[in-house]
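# Build me a model from this:
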Amino acid sequence: MSFFRYSAGSSESIRKKIKIYVILVVITFVGLWMRVWYLQILKGEDFMGRSEENRIRKASLPAYRGTIKDRNGETLVNIRPSFNLYVTPEDAKGLSNSLALLSEKIEIDDEKLRADIRQSRSFKNVLIKRDVGRKEVAYVEENKMQLPGIHIKVEPLRSYVYNDLAAHILGYLGEVSKEKLKTPAYSKYKLGDMMGKNGLENIYEFNLKGEKGFKEIEVDVSGRELKTLRKFPPESGDSLVLTLDVRVQKKLEEWVNELSKENPVEGSVVVMKVQTGEIIAMVSKPSFDPNLFAAGGGGAGGAGGASTSGNNPGGVGGAGIQLPTTFRDPAQVIGAPGPTSAPTPNGYDQSGKYWVAGGGAGGTDTPPTTSGASGGSKYERCGVF
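As a prediction, this is how the structure comes out:
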C-alpha cells in the first residue's frame, strides 16, 4: 500500500510540474507571437522603409546651366565635364585615415571639409574637391577599397571659352553661401552648389541654372553603387543671346593689350550702337579669368593668379573706375530681355533718342513707355532698349 501511496503522490507532483512547464511554454510563445506582431504588423512599414533607405539611395543629378552666346551665335560660355570628389559621411569608416591617404596625392582643405561634414546630414554627399585631374581620379579608383564612402562624380563645369574675354560682363560662379541657403529663394540649392556671383551669371541666375534631376540607386553595405533603379534627367537652363559681337570684342581686347605693353591700362572701353543702345563690345582692365572661379578655387579677390590687380572681379568699370553716368551697368544692358523693353533714364530708345532723367529729349521729362513690353524665360535677343 505504501508503494501505491508513494506512486500516487509522485504522479501528482509530476502533473503539477508539467502544468507549470506548459504554462511557461505558452507564455513564451505568446510573448514571441506578440513580438512578431509588433515587428511585422505594428512596425512593419516603418522597418521596411528603413530597410529600403539602407538599400536604395536617392542621388541628385546636377542641372546644366544655359549657354551664353554673342549676337552671331558664337558660344561665349558653355559647360564641360568635371570630375568632382565627394564623401558620404555615414559610409566613411575611418575618415581620418582615408583623408590622410588622399592627402598623399590630392591637396585637401581638411578644416573646411570637416566643418561642411558637421553641418550636413550623414547620408548627404559632401564635396571634397572640385575638378580633380585624371591622375587624381585614377589614384582614387585604385584605392577605392581603402577609401570607403569616398567617390568620384562626373558633373558639368562652367567653361568660359575665351578665358578673360568680356569677363566683367559675363561674371563668374562661386559656391552658394550659407546665408543664402537659409533664404526661401535658394531652397533648392545645397551646400557645394555653384551660383552666379556677378555679371550676367548673377543677374540671370534663376534663368540659367536649370532644374536638377535625380536617380534612385541600389547600394551595398559599403555604400557602393550596384545599379540604377530609376532616373529622372535634369532640365537645362535657358540660354542667353547677347548684343555683344565677339569679333569686335577680340579686336578691342587686342588694341587695349597693345596699349598695355607700354603703360598698363586701367579703365574701360565701350563700343555702343547709339541708335538702339546695344553694347557691341566692352573691355575693362585689369581683367580676370572666370574659369579659375568656376572650379571653386577663387574668391572675390582673385583666384590662383587671376589678373585682378586689386580690382574687384565683378566691378564692371574695372579698377574702381565707375562707368560714365550716360550708361547703365553694361552687364544689365547686355542682358536686358526683349527688344521691346521700355527705355530708362540716361539711355537711348529705339528711335535713337537719348533720354536724361529730369530733362528728356524733345523737352520730355521722362522716357516714353513701349506698349506690350515684356520679358520672358527664353531670350532671342538681349540688350536692346
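# from here on, contacts and neighbour counts on C-alpha atoms
Noted.
# surely Gly199 meets Ala166?
No: taking Cα atoms under 8 Å as the contact criterion, Gly199 and Ala166 are not neighbours in contact, 10.1 Å apart.
# Quick one: the strands in the stretch 151-300 of the chain, in order.
Listed from the start of the chain, the stretch 151-300 of the chain has strands (DSSP state E, counting those that start in this stretch) covering 173-175, 194-196, 213-219, 225-232, 240-241, 267-273, 278-285.
# in the stretch 151-300 of the chain, what spans have low per-residue confidence?
221-224, 296-300 (pLDDT under 70).
# Next, the contact list for Gln146, please.
The neighbourhood of Gln146, defined by Cα atoms under 8 Å, 6 or more residues apart in numbering, consists of Ser98.
# okay, now Met282: neighbour count?
Around Met282 there are 26 other residues, counting by other Cα atoms under 10 Å.
# How much space separates it from Met195?
Between Met282 and Met195 the computed distance is 24 Å (Cα to Cα, to the nearest Å).
# got the domain boundaries for the protein?
The chain breaks down into these domains under automatic domain parsing: 2-42, 336-385.
# Would you mind pulling the contact partners of the longest strand belonging to the chain?
The residue-count maximum for a strand in the chain (DSSP state E) belongs to strand 75-87. Surrounding strand 75-87, the residues in contact under the criterion Cα under 8 Å, 6+ apart are 64-70, 125-133, 137, 149-162.
# in its sheet, what does that strand sit against?
With DSSP bridges as the criterion, the sheet partners recorded for strand 75-87 are strand 68-69 (antiparallel), strand 126-129 (antiparallel), strand 150-160 (antiparallel).
# quick one, which of those strands is packed in tightest?
Burial of those is given as mean neighbour count (mean count of other Cα atoms under 10 Å); strand 126-129 ranks first at a mean of 22.
# Now that one - C-alpha only, PDB.
Included here for strand 126-129 are C-alpha records, laid out as PDB according to Å, rounded to 0.1, in the frame of the first residue of the first chain:
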ATOM      1  CA  VAL A 126      29.900  66.400 -49.100                       C
ATOM      2  CA  LEU A 127      32.200  68.000 -51.700                       C
ATOM      3  CA  ILE A 128      35.900  67.400 -51.000                       C
ATOM      4  CA  LYS A 129      37.400  68.900 -54.100                       C
END
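# Give me the contacts around it.
By Cα under 8 Å, 6+ apart, the list of residues contacting strand 126-129 from outside reads 84-89, 108-109, 113, 116-117, 120, 191-192.
# Now which of the residues you listed would you call buried?
84-89, 116-117, 120, 191-192 (16 or more other Cα atoms under 10 Å).
# Distance check, Val87 against His151.
Computed with Cα to Cα, the distance linking Val87 and His151 is 6 Å.
# And Ala167, by the same measure?
In this structure, Ala167 lies at 33 Å from His151, with Cα to Cα as the measure.
# any chance of the buried ones among the contacts of strand 126-129 in a markdown table, with distance to Lys58 too?
Below are these laid out as a markdown table (distance: Cα to Cα, whole Å):
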| residue | distance to Lys58 |
| --- | --- |
| Asn84 | 18 |
| Leu85 | 18 |
| Tyr86 | 15 |
| Val87 | 15 |
| Thr88 | 13 |
| Pro89 | 15 |
| Asp116 | 20 |
| Ile117 | 19 |
| Ser120 | 16 |
| Leu191 | 17 |
| Gly192 | 17 |
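# which of these sit farthest apart?
Asn84 and Ser120 (17.7 Å; Cα to Cα).
# worst average pLDDT in the domains of the chain?
Mean pLDDT across the domains of the chain is lowest at domain 336-385; the value there is a mean of 39.
# on that earlier part again, out of the buried ones among the contacts of strand 126-129, flag the one nearest to Ile27.
Out of the buried ones among the contacts of strand 126-129, the member with the shortest distance to Ile27 (by Cα to Cα) is Pro89, at 44.4 Å.
# ok, the closest one - contacts?
Taking Cα under 8 Å, 6+ apart as the contact definition, Pro89 lies against 95, 117, 122-126, 149.
# go with 7 Å
Taking Cα atoms under 7 Å, 6 or more residues apart in numbering as the contact definition, Pro89 lies against 117, 122-123, 149.
# Going through those, which ones are buried?
Neighbour-count burial within the contacts of Pro89 applies to 117, 149; the criterion is 16+ other Cα under 10 Å.
# what sits against the residue lying closest to Ile280 once chain neighbours are set aside?
Nearest non-adjacent residue to Ile280, counting by Cα to Cα, 6 or more residues apart in numbering: Leu244, 4.4 Å away. With contacts taken as Cα under 7 Å, 6+ apart, Leu244 has the following neighbours: 70-71, 279-281.
# hmm, back to that, check the contacts of Pro89 against Ser177 and report the nearest one.
Within the set of the contacts of Pro89, Ile117 lies nearest Ser177; the separation is 15.4 Å, counting by Cα to Cα.
# any idea how far Ser82 is from the closest one?
Using Cα to Cα, one gets 22 Å for the distance from Ile117 to Ser82.
# Just the helices from this structure, written as ranges.
Secondary structure of the chain, counting by DSSP state H: helices at 2-37, 44-55, 95-103, 110-119, 134-142, 167-170, 178-181, 199-203, 205-208, 246-262, 291-294, 330-334.
# Put together a markdown table for these, with distance to Glu216 on each row.
Converted to a markdown table, those look like this (distance: least, Cα to Cα, whole Å):
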| stretch | distance to Glu216 |
| --- | --- |
| helix 2-37 | 31 |
| helix 44-55 | 10 |
| helix 95-103 | 25 |
| helix 110-119 | 23 |
| helix 134-142 | 22 |
| helix 167-170 | 36 |
| helix 178-181 | 25 |
| helix 199-203 | 31 |
| helix 205-208 | 26 |
| helix 246-262 | 43 |
| helix 291-294 | 28 |
| helix 330-334 | 40 |
